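Novice: Got a sequence here, can you model it:
(one chain, ligands or ions: 1)
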Amino acid sequence: MEEKISIEDMATFCKKKGFVFQNSEIYGGMAGFFDYGPLGVELKNNIKSQFWNVFVQQREDVVGIDGTTITHPKVWEASGHVDSFLDYIYKCPKCRIMVKGDDDKGMTCPKCEAKLKSSGKLNLMFTTNVVPVEGNISYLRPETAQVIFTNYKLVQETSRKKLPFGIAQTGKAFRNEISPRDFLFRSREFEQFEIEYFINPKDVNNCPFIKEVESMKLNLITEKEQKANKPHSEITIDQMVTKRIASPWHAYWLAKYYKFFLDLGIKKENLRLREHHKDELAHYASACFDIEYNFPFGWKEIHGNADRQQFDLTQHMKFSNTSMEYFDEEAKEKVIPYVASEPSQGIDRAFLTFIFEAYNDDKKRGNVVLKLHPKLAPIKVGIFPLVNKLEKEAKKLFTDLSEEFNSMFDKSGSVGRRYARADEIGIPFCITFDFDSLKDKKVTIRDRDTTKQVRTPIKDLKETLRELLNK
Ligand code: GAP
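Specialist: Residues are numbered from 1 along each chain as shown. Here you go, the predicted model:
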């Protein structure tokens, strides 16, 4: 297996190529905050639109919303975040550095090695002051989920959805992480794509879609295997359900997201599910699984998926005095919907996953080849005139193609050098306009992954590219 580059080298690569920059770098930077550059924003947008397309637009049973990042402070009292979204912190008496930890036995300062002192708990929510009342504290949302719960009733009524159905949202979340680290992996401002999937509580064991994914094989590390220090093993979704490792709804949604990553090029040996230990479950969850990716810094969570039961709607009913009940027409009774699955996807972690998987240091070519899935590639087509004399014709091609495909025009250096530059930023197809093109009205399309070149009539170019990019 090819050796993966370190997270530090990946951060350097992302900066050099214009994918991601340290925020406020000119002022010395700010830990845990990152800005996406010209290529990064394209890749990130493509990842987001794939999630939205697959899990919202292609489904009859999921609708989306786009809520605010600051909400009424009561939302976070009801959700339990004010009381429970806490980390234990330890302070260095000398340099005042704060470190996250569960116990202080022997913990030393990462900077000066002085013994750390317990400093109680810190709530990870950022506070902000909402005028006009002084001291009117509110919070920046630490998860997008709550805005879904507070809008649940309005969405259900206006979209006329019947249970089971889901509400999706993608957007920023903020956590005042005590120790942000590993580049984009643990940051203080990040993006999530979350779905709350509501069912009738009587249908907890009845998922009508389970057949679709039943035979799918996944890697799973159970709580028992983790405690026994055993590796993960392969299991089918059917086995997960029949052995009661996961509920049918939970297993179904985990399978759908697992498949999403496989379909976009993640190798199956680099993905696994991890069952949460009972004692690490969040205050609202009765069960939780993560999807993990095999990063160079270990297997790490890229997706969390909890069974949130009726916790949140019940809490909001209590705190807001607003009914969150749903009228079940068949049974002629009111029920509080049950969140059987909450697929919670970090966009920045998905970004890291795809870029690590794609990164290939091709020694034979002498350059990096970023083998991103064409659907994710920030730039789809590179257009090169063989020599500067042909610039006018190649530019015309660029103008035409860029109406439909995000394209790049490059005329500097040899064609070989231009291919290498395109490989490094993951452009799947490059088109060269040469002297023959003037006569035969054909151009050469070169494939990033195989380096194979084919001659294609200019008149068929759009159709050919459409096919190649959607393969
Ligand atoms: N609503 C449930 C929830 O927020 P979580 O496990 O705390 O659950 C879900 O977060 C996902 O959000 C994680 O799997 C990860 O992808 C992303 N995430 C969480 N904290 C993050 C951070 N500090 N930096 C980047 N991504 C983060």
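Novice: and this structure, which residues reach the ligand?
Specialist: Taking Cβ under 6 Å from any ligand atom as the criterion, the neighbours of the ligand within the chain are 143, 145, 175, 177, 186-187, 190, 192, 194, 301-304, 342, 344, 346, 348-349. All C-beta atoms are positioned from the backbone trio N, CA, C, and that covers glycine.
Novice: From those residues, list the buried ones, please.
Specialist: Among the residues of the chain next to the ligand, the ones that count as buried by 16 or more other Cβ atoms under 10 Å are 143, 145, 175, 177, 186-187, 190, 192, 194, 301-304, 342, 344, 346, 348-349.
Novice: follow-up on the earlier one: in helices only, show me the residues of the chain next to the ligand.
Specialist: A145, D348, R349 (DSSP state H).
Novice: partner residues bridging the residue in the chain that the ligand sits nearest to?
Specialist: Each residue of the chain has a distance to the ligand, by Cβ to the nearest ligand atom, and the smallest belongs to G346, at 2.1 Å. When assigned by DSSP bridges, G346 has beta-bridge partners Q192.
Novice: Show me the shaky parts of the stretch 301-450 of the chain.
Specialist: Scanning the stretch 301-450 of the chain for pLDDT under 70 picks out no residues.
Novice: ok, which stretches of it are helices?
Specialist: Secondary structure of the stretch 301-450 of the chain, counting by DSSP state H, counting those that start in this stretch: helices at 311-320, 347-358, 391-401, 415-424, 435-440.
Novice: can you pull out the strands in the stretch 201-350 of the chain?
Specialist: Assigned by DSSP state E, counting those that start in this stretch, the strands in the stretch 201-350 of the chain fall at 217-221, 233-236, 271-275, 287-295, 298-307, 326-328, 333-335, 338-346.
Novice: Could I get those in JSON lines, plus columns for distance to T353?
Specialist: As requested, the strands of the stretch 201-350 of the chain are arranged in JSON lines below (distance: least, Cβ to Cβ, whole Å):
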{"stretch": "strand 217-221", "distance to T353": "15"}
{"stretch": "strand 233-236", "distance to T353": "20"}
{"stretch": "strand 271-275", "distance to T353": "9"}
{"stretch": "strand 287-295", "distance to T353": "5"}
{"stretch": "strand 298-307", "distance to T353": "5"}
{"stretch": "strand 326-328", "distance to T353": "36"}
{"stretch": "strand 333-335", "distance to T353": "37"}
{"stretch": "strand 338-346", "distance to T353": "9"}
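Novice: Just the residues contacting stretch 48-60, thanks.
Specialist: With contact meaning Cβ atoms under 8 Å, 6 or more residues apart in numbering, stretch 48-60 is reached by 62-64, 166, 168, 170, 191, 193, 195, 256, 260, 264, 343, 345, 347, 350, 375-376.
Novice: and the spatially closest residue to H276 that is not a sequence neighbour, what pLDDT?
Specialist: Setting aside the residues directly before and after it, H276 is nearest to C288 in space (Cβ to Cβ, 6 or more residues apart in numbering), at 4.1 Å. Predicted confidence (pLDDT) for C288: 97.
Novice: and if you look at E3?
Specialist: 69.
Novice: Packed most tightly, which of the helices of the stretch 301-450 of the chain would that be?
Specialist: Mean neighbours per residue, mean count of other Cβ atoms under 10 Å, is largest over these for helix 347-358, with a mean of 23.
Novice: Okay, angle between that helix and strand 298-307 too, please.
Specialist: An angle of 140 degrees separates the directions of helix 347-358 and strand 298-307 when computed by axes from the mean of the first three to the mean of the last three Cα atoms, to 10 degrees.
Novice: Start at 38, not 1
Specialist: Right, with 38 as the first residue, what we last looked at is helix 384-395.
Novice: could you give the angle of helix 384-395 to strand 324-332?
Specialist: Counting by the same axes, to 10 degrees, helix 384-395 points 40 degrees away from the direction of strand 324-332.
Novice: before we move on, the earlier item: any figure for the gap between the residue of the chain closest to the ligand and T181?
Specialist: When distance is defined by Cβ to Cβ, to the nearest Å, G383 is 11 Å away from T181.
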